[in-house]
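[1] need coordinates for the following:
(2 chains)
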Amino acid sequence: TQLLEQSPQFLSIQEGENLTVYCNSSSVFSSLQWYRQEPGEGPVLLVTVVTGGEVKKLKRLTFQFGDARKDSSLHITAAQPGDTGLYLCAGFITGANSKLTFGKGITLSVRP
Amino acid sequence: DAGITQSPRHKVTETGTPVTLRCHQTENHRYMYWYRQDPGHGLRLIHYSYGVKDTDKGEVSDGYSVSRSKTEDFLLTLESATSSQTSVYFCAITPDGFIRPFFGQGTRLTVV
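    Here you go, the predicted structure:
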C-alpha cells in the first residue's frame, strides 16, 4: 500500500508556465518534506512543513501543508529549465514505530 | 556533496557474488541510513543505524546486512547479489531521528 501518492507522475511544461503538484495521503503526518533530485544525484531537501495550513515560500516555489496534515502541494511560478528534476515528498509519522515514508516522485521537465 | 561520500559510485557485479557498499560521513551525525531507489517504488529504507554497532531493519532488508564499527562509516553488504538488487543505493544521515535526511550522491549497482 502506497502511503503517499504524488500527482501527476510526469509533467512537461514550457518555460514561464505555472504549475501545481500534489502529495496526498490518508495518514496524518507530524511533518512533511519536499526534495528535488537531479539525474545522477541524491535528493536535496527543499523545505519542511510541520503545522497544518502552513505555507512556505522558496523563491518561486510555494509549499502548503494541508489543514489536516494529510496532504501538501507545491506550486511553481514562472517555471524555468533549472526547475527540471524529480520532486519527492516524504511524510514523517511519530510514535512507537516512527518512520519517514517517501512518495514515488513527480518528474518535471521544463522546456526552454 | 561534502559531508557524505559513497563508494563506489558505480559497480557491475555477477549474480551470487558478495558486494559491499561504503558510506563515509564527516558530520559526526548519530543516524545513518541506506535506501534503495527504483522506478515505480521511490525511495525505500533498507537498514539504518542509530549509533556505533546499533542497527535496525527497514522495510526492504531481506538479502542485505549492515555494519557500523565507527561513527563515520556505515557499510551495506549484499551477501549474494541477485538481479532484483540492481538499483541505485543512497546513504543518508541525520543528527537525530528520521527527519530531514541529508543524502549522498548514490551508488548505481548492476547485478548481471
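[2] what ranges do the strands span in chain B?
    B:4-7, B:10-13, B:19-25, B:31-38, B:42-51, B:54-57, B:64-70, B:73-78, B:87-94, B:102-103, B:107-111 (DSSP state E).
[3] okay, the angle between the longest one and strand B:31-38?
    Strand B:42-51 and strand B:31-38 meet at an angle of 160 degrees, taking axes from the mean of the first three to the mean of the last three Cα atoms, to 10 degrees as the criterion.
[4] from the middle of its chain, how far away would strand B:42-51 be?
    What separates the centre of strand B:42-51 from the centre of its chain is 7 Å, taken as Cα atoms, centre = their mean, to the nearest Å.
[5] for chain A, which strand is longest?
    strand A:85-93.
[6] and it, average pLDDT?
    Summarised as a single mean, pLDDT over strand A:85-93 is 95.
[7] for chain A, what are the nearby residues on chain B?
    B:1, B:40-45, B:90, B:92, B:97-106 (Cβ under 8 Å from any Cβ of the partner chain). The way it works is simple: take the backbone N, C-alpha and C, and place the C-beta from them, glycine included.
[8] find the closest residue to chain A in chain B.
    Residue nearest to chain A within chain B (Cβ to the nearest Cβ): residue B:103, separated by 3.3 Å.
[9] distance of that residue from residue A:35?
    Note on residue B:103: its distance to residue A:35, by Cβ to Cβ, to the nearest Å, is 8 Å.
[10] and for residue B:77?
    27 Å.
[11] so for these two, which residue has more residues nearby?
    With neighbours defined as other Cβ atoms under 10 Å in any protein chain shown, residue B:77 and residue A:35 compare such that residue A:35 has more, 23 against 14.
[12] mind pulling up the pLDDT for the residue nearest to that one when sequence neighbours are not counted?
    Nearest non-adjacent residue to residue A:35, counting by Cβ to Cβ, 6 or more residues apart in numbering or on different chains: residue A:43, 3.8 Å away. At residue A:43, the pLDDT value in this model is 97.
[13] one step back: if any of the residues of chain B next to chain A are buried, give me the ChimeraX selection for them.
    The ChimeraX selection below is limited to those of the residues of chain B next to chain A classed as buried (16 or more other Cβ atoms under 10 Å in any protein chain shown):
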select /B:42,43,44,45,90,92,98,99,100,101,102,103,104,106
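[14] quick revisit: joint contacts of residue B:103 and residue A:35?
    Residues touching both residue B:103 and residue A:35 (Cβ atoms under 8 Å, 6 or more residues apart in numbering or on different chains): A:43, A:44.
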